[in-house]
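K.L.:
I need the structure of the sequence given here:
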Amino acid sequence: MMKIGKVPLLLVLTVMMLNLSASSAWFGNKHKSVRNSGFPGETTSSRSLLLNGARSAIVLQVHGNVFPVGFYNVTLNIGQPPRPYFLDLDTGSDLTWLQCDAPCSHCSETPHPLYQPSNDLVPCEDPLCASLHWSNGNGNNCDYPDQCHYEIEYADQYSTLGVLVKDVYNLKFTNGKQLKVRMGLGCGYDQVFPAHSYHAVDGVLGLGRGRASLISQLSNQGLLRNVVGHCLGTHGGGYMFFGDISETSRVTWTYMSSIDSKHYSAGGGELLFGGKATGVGNLLAIFDTGSSYTYFNFHAYQALISWLKKDLHGKPLLEAPDDHTLPICWHGRRPFRSINEVRKYFKPLALSFTTGRRSRAVFEIPPEAYLIISNLGNVCLGILNGSELHMGDVNLIGDISMLDKLMVYDNDKQMIGWSPANCDRVPKSRHASI
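P.N.:
Sure thing, here's the model as predicted:
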């Protein structure tokens with residue numbers, strides 16, 4: 001899912017082969033260059049040294065916040081010569097794409113000059129292309145064998161259409177090496193989005209579980225373990241990483257759900273309110289940095305609203321219907337300046353996941369991880385009703401509920417982990433630097 005407004009929405013990914021258009025014809029005039037994952041001075045033996053050192057990783061500085069910015073992004077240097085691009089973090093989708101310098105009828109302004117695509121087109125039968133199409137059950141109808149077209153549609157009517165290319169990512173590893181790594185990305189030549197959804201980014205960084213995601217491509221080249229993680233700060237900023245960077249001794253682990261193989265999801269969760277069981281259980285939770293806020297399914301959301309209303313009865317908070325920052329806001333006797341002023345009125349939430357016959361992994365959601373202070377000085381609920389977005393039984397854990405937590409998605413072991421963290425400090429790692 002990609003963040004595209006104050007209230008970002010769940011990604012519904014559809015990748016399909018498209019009929020020839022003006023844009024695809026433009027790419028058809030290109031000639032594929034010889035693809036080579038290596039570069040002068042970068043031999044197989046030099047690359048293998050990356051895995052010989054303990055906890056080899058890539059660490060990137062994160063910018064942004066939940067409110068009022070509404071998204072987190074990193075900077076990656078892509079192309080030859082390398083140019084910087086701001087990319088929106090999205091653990092809910094696989095494909096990394098940039099808005100492309102190509103004939104475009106629906107393109108927004110970007111903070112950097114539009115990406116100049118390489119001539120290295122990904123053919124339709126390439127495993128990278130096939131993984132996008134087959135993962136969505138569309139098959140891989142190669143009407144245009146030399147090109148791989150895609151279309152990604154989001155639940156709030158945001159969409160991007162483009163073609164896959166391979167280009168150079170300039171990456172710095174924590175063992176001191178700097179490599180030019182050729183990987184696939186989307187050249188998005190037609191974007192459609194609501195008027196309110198503009199973000200100052202050049203594209204999306206796909207961090208999901210599929211073969212097209214950046215961490216999967218790095219892992220398949222033998223450069224890193226298939227592990228990705230992030231630490232988003234309450235006051236903004238933070239960091240993200242690929243590979244082994246985190247100290248995992250204090251991390252709480254749970255298994256990725258076998259029901260949902262496309263997302264970082266955990267199943268069988270039970271909702272707790274104020275440390276007590278609520279009877280709302282068997283919840284499927286997806287951890288998605290593509291959403292600023294958290295979404296509960298209809299049953300869990302209605303139960304939460306009922307408990308909050310009962311718990312707030314008699315406290316100096318009244319609903320503020322004139323504040324449209326989020327669906328539910330409350331005002332006090334005077335405007336609030338920070339969450340610290342209101343957290344005493346709200347009880348903590350938690351999701352408890354079964355990890356064995358008797359063990360549980362508890363994901364804590366304290367008040368500051370589900371509330372914001374609006375520009376009007378009201379406190380607003382950052383947990384929204386997923387049924388309004390036709391999300392079914394899915395519960396989406398967005399950025400707000402992952403603040404000040406080290407989140408680790410270990411695709412090799414099929415596990416999700418978290419621990420409280422100071423996201424201003426990078427975990428200890430040999431030669432770690434940003």
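K.L.:
low-confidence ranges in the stretch 201-350 of the chain?
P.N.:
Residues of the stretch 201-350 of the chain meeting the criterion pLDDT under 70: 246-248.
K.L.:
which element follows the lengthiest helix in the chain toward the C-terminus?
P.N.:
Secondary structure of the chain read by DSSP state H shows that its longest helix is helix 298-312. Following helix 298-312 in sequence order, the next helix or strand is strand 318-319 (DSSP states H and E).
K.L.:
who touches whatever helix or strand comes next after that following strand?
P.N.:
Downstream of strand 318-319, the first helix or strand assigned by DSSP H and E is strand 329-331. Contact with strand 329-331 is made by 312, 317-320, 323, 374, 376-381, as judged by Cβ atoms under 8 Å, 6 or more residues apart in numbering. Quick note: C-beta positions are derived from backbone N, CA and C, even for glycine.
K.L.:
From the chain's centroid, how far away is strand 329-331?
P.N.:
How far strand 329-331 lies from its chain's middle: 29 Å, per Cα atoms, centre = their mean, to the nearest Å.
K.L.:
Direction included, what does that strand pair up with?
P.N.:
strand 318-319 (antiparallel), strand 379-381 (antiparallel) (DSSP bridges).
K.L.:
in the chain, which spans are helices?
P.N.:
Under DSSP H, the chain gives helices at 22-28, 44-52, 127-135, 214-220, 298-312.
K.L.:
hmm, back to that, and the contacts of strand 329-331, which two are furthest apart?
P.N.:
Leu312 and Leu376 (18.4 Å; Cβ to Cβ).
K.L.:
domain ranges for this structure?
P.N.:
Domain ranges of the chain: 22-243, 252-420, per automatic domain parsing.
K.L.:
Pull up the distance across the shortest one, start to finish.
P.N.:
With Cα to Cα, to the nearest Å as the measure, domain 252-420 spans 10 Å from end to end.
K.L.:
same deal with stretch 341-353?
P.N.:
Using Cα to Cα, one end of stretch 341-353 lies 31 Å from the other.
K.L.:
Can you give me the buried ones in that stretch?
P.N.:
Neighbour counts over stretch 341-353 (16 or more other Cβ atoms under 10 Å) mark Val342, Tyr345, Phe346, Lys347, Pro348, Leu349, Ala350, Leu351, Ser352, Phe353 as buried.
K.L.:
Among those residues, which are located in strands?
P.N.:
Applying DSSP state E to the buried residues of stretch 341-353, the entries found in strands are Leu349, Ala350, Leu351, Ser352, Phe353.
K.L.:
any idea how far the fourth one lies from Glu364?
P.N.:
The spacing between Ser352 and Glu364, counted by Cβ to Cβ, to the nearest Å, is 10 Å.
K.L.:
do the same with the last one
P.N.:
For Phe353, the distance to Glu364 under the criterion Cβ to Cβ works out to 12 Å.
K.L.:
Leaving out sequence neighbours, find the closest residue to Ser387.
P.N.:
Of all residues not flanking Ser387 in the chain, Phe298 sits nearest, at 3.9 Å (Cβ to Cβ, 6 or more residues apart in numbering).
K.L.:
Please report the number of neighbouring residues for the one you found.
P.N.:
As a burial measure, Phe298 scores 14 neighbours (other Cβ atoms under 10 Å).
K.L.:
wait, doesn't it sit right on His390?
P.N.:
No - between Phe298 and His390 there is no contact under Cβ atoms under 8 Å: 10.6 Å.
K.L.:
tell me the contacts of the nearest residue to Asn411 once chain neighbours are set aside?
P.N.:
Nearest in space to Asn411, with sequence neighbours left out and distances taken as Cβ to Cβ, 6+ apart, is Asn226 at 4.0 Å. In this structure, Asn226 makes contact with Ile215, Ser216, Ser219, Asp410, Asn411, Asp412, judged by Cβ under 8 Å, 6+ apart.
K.L.:
on that earlier part again, of all the domains of the chain, which one is nearest Val426?
P.N.:
Nearest of the domains of the chain (Cβ to Cβ): domain 22-243, 5.7 Å.
K.L.:
any idea how far Asp90 is from Leu224?
P.N.:
Relative to Asp90, Leu224 is positioned 19 Å away (Cβ to Cβ).
K.L.:
tell me the centre residue of this protein?
P.N.:
Asp90 (2.0 Å; Cα atoms, centre = their mean).
K.L.:
For that residue, which non-adjacent residue is spatially closest?
P.N.:
Of all residues not flanking Asp90 in the chain, Gly290 sits nearest, at 3.9 Å (Cβ to Cβ, 6+ apart).
K.L.:
Was I right to think that neighbour contacts Asp94?
P.N.:
No - using Cβ under 8 Å, Gly290 is not in contact with Asp94, being 11.4 Å away.
K.L.:
Of the two, which one has the most company?
P.N.:
For Gly290 versus Asp94, neighbours defined as other Cβ under 10 Å are more numerous around Gly290 (30 against 25).
K.L.:
residues touching the closest residue to Met402 other than its chain neighbours, list them.
P.N.:
Spatially, and ignoring its direct neighbours in sequence, Met402 is nearest to Leu232 (5.9 Å; Cβ to Cβ, 6+ apart). Residues near Leu232 by Cβ under 8 Å, 6+ apart: Val62, Tyr72, Gly238, Thr289, Asp399, Met402, Leu403, Asp404, Lys405, Cys423.
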